[in-house]
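*Asks:* quick one: sequence plus predicted model below, questions after.
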Amino acid sequence: MAMIRTRLSIMMFLQFFIWGGWFVTLGTFLANNLSASGGQIGMAFSTQSWGAIIAPFIIGLIADRYFNAERILAVLHLAGAALMYGLYMASDFSTFYPLVLMYMIVYMPTLALVNSVSFRQMSDPGQEFAKIRVWGTIGWIIAGLGISYLFAWDSSQGIADGMLRNTFLMCAIASLALGLYSFSLPATPPKADGPMGLKEVLGLDALALLKDRNYAIFFIASILICIPLAFYYQNANPFLAEIGVANPTGKMTLGQVSEVLFMLLLPVFIHRFGIKKTLLIGMLAWALRYALFAFGNADEMVFMLLIGIALHGVCYDFFFVTGQIYTDARAGEKFKSSAQGMITLATYGVGMLIGFWVAGHITDHFSTNGAHDWQGIWMFPAAFAIAVLALFFLTFKNDKAAAPTPNQSVKV
């Protein structure tokens, strides 16, 4: 079992090394090297959402029914390596965009596939999965530290010299390695049988949960809070680089370190304070982080930026992971899997698609001749998060849905 755990950990490490190795610096690269507008950068980031929307078709209609998960994982990463090399070679946005769209369509399904391969090898996923999944977060952190501190691709000189382009080549090599490595992973044959329609694949049979007023309010809040989330993904790295923060990508790995730490605290917090207060703290953290970004700077107020980055664990874990736990508790046995599919489609699909569109237009609104009014940009998602928080506070009633006890593990 130890050998299998090691092999799965390597898989997770490479899976998230690839994503963290180019996605964090994407906005900075597009703005500085391809002269992309805020709207175009938003389009590029929204490919993640299109990938999330299309992924259930690949997993539900193909992977779960006809082919081994590890073989599909291998093929998708090999295709991803070729597309990533195409991104490395792209010289303008019109060439770059269709390639990044195709890449995210093949990458997003692999997030579910690595989980599937892992779960099928475990006798107690609740206890074992976190120890393997955490290597994915470590992979993301190592990618960021390498970009900043080993290669200095995101330094002022590195950006000016176009060195961020090398992130795509690095990830193409890592994707090729994972594609070949995946063929050696434990066999994970399909298990689904019998008829399965589009409704089941997309998790739409779980829409019955929306008849519950409390869950419907949570569902709407989840989509709305994705708008502030999109601002972080799209603008945080370009913002830090533009105002002169040294090693911005490396410093942003504080967010992943924070995510791991707060993940460990989350079950205790939910058990003690309940679902509503935990969700409210998550939303409040989004508003606080953007206020810190709005009023911090690269000099004497740089500590405000670092605190804002470190709040990522609270922002993400206390709202999105808590939301997954709440959804699981509300769904019951009949809709557990489809409910998770529905909330993922709503947030990473629809919510983030809207969020990147809004973030792109707000960024363009506060941009003049390539320079940005970052305070104006960051105050928008801060105010928006406060509005969502107020709506949720006034309409969501305390919920007695089951929550994990302090001794239960939460998937990282």
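*Replies:* That came in fine, so what should we check first?
*Asks:* where exactly do the strands run in this structure?
*Replies:* Ranges of strands in the chain, per DSSP state E, are 367-368, 371-372.
*Asks:* what does the first one contact?
*Replies:* Residues outside strand 367-368 that contact it (C-beta atoms under 8 Å, 6 or more residues apart in numbering) are 37-38, 373. Placement of C-beta: from N, CA and C, glycine included.
*Asks:* so what strands line up beside it?
*Replies:* Its sheet considered, strand 367-368 pairs with strand 371-372 (antiparallel) by DSSP bridges.
*Asks:* got a list of contacts for the strand it pairs with?
*Replies:* Outside strand 371-372, the residues that touch it by C-beta under 8 Å, 6+ apart are 239, 242, 363, 366.
*Asks:* tell me which of the residues you listed fall in helices.
*Replies:* Using DSSP state H, 239, 242, 363 are the members of the contacts of strand 371-372 that sit in helices.
*Asks:* between which two of the contacts of strand 371-372 is the distance greatest?
*Replies:* Largest separation among the contacts of strand 371-372 by C-beta to C-beta: E242 and F366, giving 12.4 Å.
*Asks:* common neighbours of these two, please.
*Replies:* Common neighbours of E242 and F366 (C-beta under 8 Å, 6+ apart) are 372, 374.
*Asks:* coming back round to it: want to throw the ones in helices among the contacts of strand 371-372 into JSON lines with pLDDT, distance to S182 and neighbour count?
*Replies:* Output for the ones in helices among the contacts of strand 371-372, formatted as JSON lines (pLDDT from 0 to 100; distance: C-beta to C-beta, whole Å; neighbours: other C-beta atoms under 10 Å):
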{"residue": "F239", "pLDDT": "97", "distance to S182": "36", "neighbour count": "23"}
{"residue": "E242", "pLDDT": "95", "distance to S182": "38", "neighbour count": "20"}
{"residue": "T363", "pLDDT": "95", "distance to S182": "37", "neighbour count": "27"}
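*Asks:* from these, pick the one nearest G313.
*Replies:* Of all these, F239 has the smallest distance to G313: 19.6 Å, by C-beta to C-beta.
*Asks:* residues near A331, how many?
*Replies:* The local packing of A331 (other C-beta atoms under 10 Å) involves 22 other residues.
*Asks:* I'd guessed it sits against A206; true?
*Replies:* Yes. Under the criterion of C-beta atoms under 8 Å, A331 makes contact with A206 at 6.4 Å.
*Asks:* neighbours of A187, how many?
*Replies:* Neighbours around A187, by other C-beta under 10 Å: 11.
*Asks:* equivalent analysis for M3, please.
*Replies:* M3, neighbours per other C-beta under 10 Å, totals 7.
*Asks:* and the gap between it and I10?
*Replies:* Here M3 is placed at a distance of 11 Å from I10 (C-beta to C-beta, to the nearest Å).
*Asks:* and what of K251?
*Replies:* Taken as C-beta to C-beta, the span from K251 to I10 is 27 Å.
*Asks:* more neighbours: which of those two?
*Replies:* Higher neighbour count among K251 and I10: K251, with 23 against 17, using other C-beta under 10 Å.
*Asks:* show me the contacts for that one.
*Replies:* By C-beta under 8 Å, 6+ apart, the neighbours of K251 are 148, 240, 245, 305-306, 309.
*Asks:* and what of D124?
*Replies:* Counting by C-beta under 8 Å, 6+ apart, D124 makes contact with nothing.
*Asks:* for Y348, grab the count of nearby residues.
*Replies:* Neighbours of Y348 under the rule other C-beta under 10 Å: 21.
*Asks:* please begin residue numbering at 859 from this point
*Replies:* Sure, I'll start numbering at 859, so the last one becomes Y1206.
*Asks:* and the pLDDT at it?
*Replies:* The per-residue pLDDT reported for Y1206 equals 87.
*Asks:* then A1189?
*Replies:* Confidence score, pLDDT, at A1189: 77.
*Asks:* what of L1137?
*Replies:* pLDDT recorded at L1137 is 95.
*Asks:* touching, it and N1072? I think so.
*Replies:* No. Using C-beta under 8 Å, L1137 makes no contact with N1072, being 11.2 Å away.
*Asks:* quick one: common contacting residues for these two?
*Replies:* The contact lists of L1137 and N1072 share F1254, where a contact means C-beta under 8 Å, 6+ apart.
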